[in-house]
Structure formats: C-alpha cells, structure tokens
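Chemist: Predicted model, plus sequence, below.
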Amino acid sequence: MTDVLERPKAINKKPSWLRRHSPPYWLSLVGGGWMLLFFLIPLVSGLIVSLETGNPISGYTLTWNWHIYSQLFVHSDIPYSTFLLRSLYYGVATTILSILIAYPMAYFIAFRVSVRWKSPLILLVLLSFFVSFVIRTDMWSFVLAQQGFVISGLRKLHLVSANFHILGTSNAVIGGDIYNNLPFMVLPIYVALERIDRRILEAARDLYSNGRQVFLRVVLPLSRAGIFAGVLLVFITTVGDPVNSSLLGGVGTYTIGQAIQDSYLTNQQFNVAAALSTVLMVILGIIMFAYAKIFGTENLENLV
Amino acid sequence: MGAAGKGLGLLSMAALLASCGIAGTLDHEGAKVDWPAFWKGQKRTNQLNFANWPLYIDSEHGKTESLELFTTMTGIKVDYQPVIQADASFYATVEPELAAQEVTGYDIMVITNGWYFTQLVNNGFLIELDQSKLPNFAKYASSLVKDPSYDPGNKHSVTWQTGFTGIAYNTKMITREITSFNDLADPAFTGHVGMMNDNVELGSAALLRMGVDPVSSTPKQWRESTEWLKKQRPLVSGYYDQSYISHLENGDTWISQAYSGDIFQANLSGYPHLKYVTPKEGQIVWHDNMVIPRQSQNALSALSWMNFYYTPKIAGIVEDWVSYVCPVPEAQQYIRDVIKDPTVANSPLVFPSAESAKLSHGYYIYRDYDEYQTWNDVFNPIIES
C-alpha cells in the first residue's frame, strides 16, 4: 500500500520542480527578446563593425582590429577621449542643473496649484515639444547672437563688456541641453510628487515637524523615484547629443556625439564611428549599472 | 551538447562573424557599359525627377518659370524636389540604392565637385552624357565650367551653378581694408573670426594662403599649411557649416570664410554692410553639377533639360533669382535687357570679371579613398577639438 502511494510522488518530483521554477523564465522571454533585439544585437554588431578594416569603396572586412581602440583613445591626433570626457561633463552638469530647476517647477505644480490649473501648466511644460527641437535650438542661437536683443540690451545697459558672448561657449551648450531636456525631468518628478499621499504630510506636521523637515524627511525621499527616472532620461540623452554642441557651441565644445556623426557621415569611417559608439554605450552602461546598484531599481518600480 | 558540439557552434559563429563585413560600393560592371548603345536604346518619356538644393531655382509665388517653359516646350513634366541639404547626407541616402543598382527616383541630382562627386564617378554610379545632345552647352557655357579638372570633357556632368569661396567681413566692425587670408589671423579680431567646418574649404584656404594651388598640392604641403591654422585657432569663434552666414549677419563674427552667393543675397536682404573680397592669394571656385544617376528612368528628359538650361534666357531667369555665379555669360545681357535687373546683371559676384576668374582655383581632386583619408587626417584635428 505504501509502495503504491509513494511511486507517484517520486515521478511527480521532477515536473513539480520545473513547474515551480520555470514560469519566470518563460515570462522573461518577451523581455529577453526585446533586450536581445534592441540592445544586445546592436551593441554586438557595433562592436564587430568597429573591429573591421577597409573603406566604403572596396568594402570593410572583419580583421579583429582591436588596435583601433588604442589608436582612437591613446595615440590619436584627434582627442577623442577629451570629447568623451567633455560629453560626460555636459551630461553631469545638465542633469544636476535640471534637477535644481525642475524640482521647484514640479513641486509648485503638484502642491501649490489648484487642480484646475494643473493640466494647463503641465501642457505648458510640454508645449515646447510641438516644435522640432533642432529648430528650437537654432532659434536660441538667434536670440543669444551678438547683435540679438538679449546681448545688445545687456551691452546698452553696460552690464557686460563689449566682448561678452554666450554662443560658442560650453555654458551655451549646457544651457541648450537643459532647455531641451527640462520636460524629461519635470514630468517624472511631478508624477512622483503627485502620488504622495497628502495625509502623510499632515501626519508629519502633527508630529511637530516644521516645513523644512517635512520637505527634507518626507517629500524628498518619497519623490526620489521621480528624480531617479529623470536622471536616467536626461543624462543619457545629453551625453550622446550632437545637436546642441554643433548649433550653440564653438571652438572647444566638440562632443562625442558630433565625433560619431562626423566620422560616419562626413569621413565615412564606419569602423571609427562604430568604435566610438561602442565605447560610449559601454561607458554609459557601466555608469547606469553603478547608478542603479547604488540607488536601487525599486525606485523605478515605485513610479510605475 | 558535448565539447565537440560546442566547438562546432563556435566555429559556425566565427564563420558567421567573418561573413558579416560591409560590402564596398565599387561597381565593376559600370566601366563596361557601351554608352552610345545605351543612349540609342533610351526612349523618350514625359517625366523628369529633379533633386536640387533648397532655394536654388527661380521661384515666384510658388511658380518656377524656367521649369514651366521647359514643360510647355517639351511636354515633359518636372517633379522638382529641393531635398539636398548637404552632399554627404544626400550621398548617404542614395548610395544604398545606387550600389544595389536600383532606381533612386531621381533623374538629375545636383552634386558639388568634391569627394562625393568623385565617389559617384569612380563607383560607376553616373551615366555618361551624350555630348551630341548638348549643343547649347557647347555654344553658351563659360570657360569656367567647360572641361573641368574634376570631370574631364564634361563626361558625367554639366554645371548648375558656380560659386566662389573667399572672405567676407562686416564693414561696421572692421574699418580697415581686408585683402588677404592673413587678415583672418589678425589678433584684433579675436573671438570674431569664422572659419568653415568643411575641411575641404578650410584646407584649401590654408593652402592658398601659402601660395599653393590646391589642385596640384601634395600631402606634405597639406601638413605644412596646418601650422597657420593651428596658430589661428585661438582667434576663431567657431568652425561653421552653412550657419556661418547668420553668424556674420548678426555680428557674432566680423570676418569669415564665405561663399560669394550668400554675401550677394545678404547684401540685398538687409545686410549691405557685409562685403565679399577675393583675397590677393586667390579664391576657391567650386561647381554644383547636374548628374544623371545610373538607373535613371528618364535619362533623355534629363539630357534635354540640361541642354534647355544652357541658354541665355533660361540660365538668366534662374540666375536672376539664385545669383550665385552664372555658367552662361550671355545671360548677363538677358538679365540686363529683358528682365531689367541691373543689380544682378552688373554684379561682379554673379558675372565675375576675367581677373577674378584668373584668381580662382579648384579643390584638390582625390584619386582614391586613401588620399581622402589623408586629407581628413591632416585637417580634421583643426576642426574637431
């Protein structure tokens, strides 16, 4: 009797383990396929193209030319590593400054405005997206031009010297980056702030915390999911961006994005373009991985 | 899967990787075409698809007289598409189709002489023109555009417009006379000097400054010429694309490398204080050329437009609006007497004097990709910084 009862158990053991443990893997197929198709394959094919040698006329063949990386980043007439560091600097500066500008904006819309005004204000934040960002950036170069009304006005008021200029400087590029990316920072922070249960704030006040403490110890920690998402969106877009630096920059503002674009389109060095973008993607990947490790991805899950 | 299986997997992976190079664009069949037979086999069509640069043909209230006259006379409908923003990006869009020998949808493309033009020719992407069907070109074309060094015998191209690259400056900001490339390195203009980010223009200017004709220059001279460019860099406010003209107009730059046609336009549209000069060391002359891509479906239409364009009347109508440098000298009388527009007819920028034509030099013509790469390696470190 016992023999009969035990046998099915023994047979069932394996399927039950599979049944218990495999569904997560099956479910991850869609996500995994997505990652494979849109992340891993482009990254690997970029890496492969970077290891090829040749020219666009007679073609490129894979020669495992790993030297290209040392050629580009160590012994190069063109300082690609400077461009990369410069792009990262623009990315960091833009991200920090956009948090400082976007947070008060989002806070104002979430907490200080009546419900009736929230949608119109959010629409205003998004309004700039109705015009192509290349055109908007180009317009800035008119506004900030030497004979444009801003600078000539300042000059007339004797607030700046005759040689003062904004265009062609790193500050102009960072300014353009902030302007173009601000909505990407405002929106997630706004969403995070909007989700905070107002009763928690009341509770904090009931426990004798003053306004500053409510903000620093309740609101700010609860909205960090929004900041986390905003940082990802703004930093990644800024580091790879070739547009702001070419339209608003000048001498000494050349970025890795421009270098990739020029080596692909103008110089037709496909291997160089691929090597530069592979390095950029790997470095961004490392930074994002470290960032997610330190601050935790549950931040993002909270937001959805 | 055992170790053998794994090894096999790796092997096939390696084979896969080795096969995934990028094919070149060189078309070995192109050279063998029997062009007289090709032209004999062509049939007349009633369509012409014309790709050109923006604002590069006459236009009055959305109508283009030159094209309408062509349609009236020949019955050929023209689909005019101002889609070319830059040689590099336009080449990148048509190259895949040309390499696959597919129809690009264009029967005429306007391409500047330079690396992309050379590539189109070397790859066999262009149809050789039947000169017997271009009698007007033989009769009216200026010596500046006949038998150019980049396309001997006008085998593949006839010029649409010509332009000069020299220096322009803001006479409000600079009161002294500008005569030489060396003025672009005057410390008095620090932070207000514009240079071009097109490394062909930049390098050619540096070569001319040294007294070297770019057409016959050598890589050694290219390298020498960068000394001056490096010395000049701290004064330069930017290496600009076409936007150099707005920087000149709004006063960011006081002196800049410039195209003659842009300055002519700027003078008429509210910036009379900008002045174009031909440096005493010489200026660059370039040509935007009409070419017929290999798989054109309306090659005869394209050829008859080329011939139609090369008359004083049609070239005059186009030139009165475009005002770069006219490839038909006799259009000058037409513009003066029939259109009655003395500003254009008498401008030395549109109808250059023999003297300024003598001071004009072409670009260096790359023989192959390696030369092009060498040029890039020499001049890109100046621009990319």
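Modeler: Received, thanks.
Chemist: What parts of the stretch 201-304 of chain A come near chain B?
Modeler: By Cβ under 8 Å from any Cβ of the partner chain, the part of the stretch 201-304 of chain A that sits against chain B consists of A:246-247, A:249-252, A:254, A:258-259, A:262, A:265-270. From N, CA and C alone the C-beta is placed, and that goes for glycine too.
Chemist: Can I have the buried ones of those residues as a ChimeraX selection?
Modeler: In ChimeraX syntax, the buried subset of these is picked out as below (16 or more other Cβ atoms under 10 Å in any protein chain shown):
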select /A:246,247,249,250,251,254,258,259,262,266,267,268,269,270
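Chemist: can you name the two of the residues of the stretch 201-304 of chain A next to chain B that are farthest apart?
Modeler: A:250 and A:270 (28.1 Å; Cβ to Cβ).
Chemist: mind listing the strands for the stretch 1-150 of chain A?
Modeler: In the stretch 1-150 of chain A, the strands defined using DSSP state E, counting those that start in this stretch lie at A:52-55, A:59-62.
Chemist: right, so those strands: which one is the most enclosed?
Modeler: Ranked by mean neighbour count, these are led by strand A:52-55 with a mean of 19 (mean count of other Cβ atoms under 10 Å in any protein chain shown).
Chemist: Sheet partners, orientation included, of that one?
Modeler: Sheet pairing here is set by DSSP bridges, and for strand A:52-55 it gives strand A:59-62 (antiparallel).
Chemist: any idea of the mean pLDDT in the strand it pairs with?
Modeler: Averaged over strand A:59-62, pLDDT sits at 88.
Chemist: same question, stretch A:264-274
Modeler: 90.
Chemist: What lies in contact with it?
Modeler: A:46-56, A:60, A:65, A:68, A:72, A:260, A:263, B:22, B:88-89, B:92, B:369, B:373, B:376, B:380 (Cβ atoms under 8 Å, 6 or more residues apart in numbering or on different chains).
Chemist: so where is chain B shaky, pLDDT-wise?
Modeler: Within chain B, the ranges that satisfy pLDDT under 70 run B:1-20, B:27-31.
Chemist: The strand of greatest length in it near chain A anywhere?
Modeler: Ranked by residue count and defined by DSSP state E, the top strand of chain B is strand B:157-170. No. Applying Cβ under 8 Å from any Cβ, one finds strand B:157-170 separated from chain A by no less than 9.8 Å.
Chemist: State the helix or strand in which the closest residue to residue B:97 other than its chain neighbours lies.
Modeler: Nearest residue to residue B:97, sequence neighbours excluded (Cβ to Cβ, 6 or more residues apart in numbering or on different chains): residue B:104, at 4.8 Å. According to DSSP states H and E, residue B:104 maps onto no helix or strand at all.
Chemist: Ok, residue B:78 next?
Modeler: strand B:77-81.
Chemist: Residue B:288 too?
Modeler: strand B:283-291.
Chemist: partners of that strand in the sheet?
Modeler: By DSSP bridges, strand B:283-291 pairs with strand B:108-112 (antiparallel), strand B:157-170 (antiparallel), strand B:360-361 (parallel).
Chemist: outside of the shortest one, which residues touch it?
Modeler: The contact list for strand B:360-361, computed with Cβ under 8 Å, 6+ apart, reads B:144, B:164, B:204, B:208, B:213, B:214, B:215, B:282, B:283, B:284, B:285, B:352.
Chemist: For the residue nearest to the last one when sequence neighbours are not counted, list each beta-bridge partner.
Modeler: Meaning residue B:352. Nearest non-adjacent residue to residue B:352, counting by Cβ to Cβ, 6+ apart: residue B:325, 6.1 Å away. Counting by DSSP bridges, residue B:325 forms beta bridges with residue B:162.
Chemist: In the stretch 1-150 of chain B, what residue comes closest to chain A?
Modeler: residue B:24 (3.0 Å; Cβ to the nearest Cβ).
Chemist: For that residue, the count of nearby residues, please.
Modeler: Neighbour count for residue B:24, taken as other Cβ atoms under 10 Å in any protein chain shown: 17.
Chemist: Touching, it and residue B:95? I think so.
Modeler: No. If you go by Cβ atoms under 8 Å, residue B:24 and residue B:95 don't touch, sitting 11.1 Å apart.
Chemist: tell me the contacts of residue 47?
Modeler: The chain I'm using is chain A. Residue A:47 neighbours (Cβ under 8 Å, 6+ apart): A:274, A:278.
Chemist: not what I meant, chain B
Modeler: Counted by Cβ under 8 Å, 6+ apart, residue B:47 has contacts B:76, B:77, B:79, B:107, B:297, B:298, B:301.
Chemist: redo that, cut-off 6 Å
Modeler: B:77, B:298 (Cβ atoms under 6 Å, 6 or more residues apart in numbering or on different chains).
Chemist: is it in a bridge, and if so with what?
Modeler: Here residue B:47, judged by DSSP bridges, has bridge partners residue B:77.
Chemist: can I see the domain layout of chain B?
Modeler: B:32-162+B:286-350, B:163-285+B:364-383 (automatic domain parsing).
Chemist: for these, which one sits closest to residue A:135?
Modeler: domain B:163-285+B:364-383 (13.0 Å).
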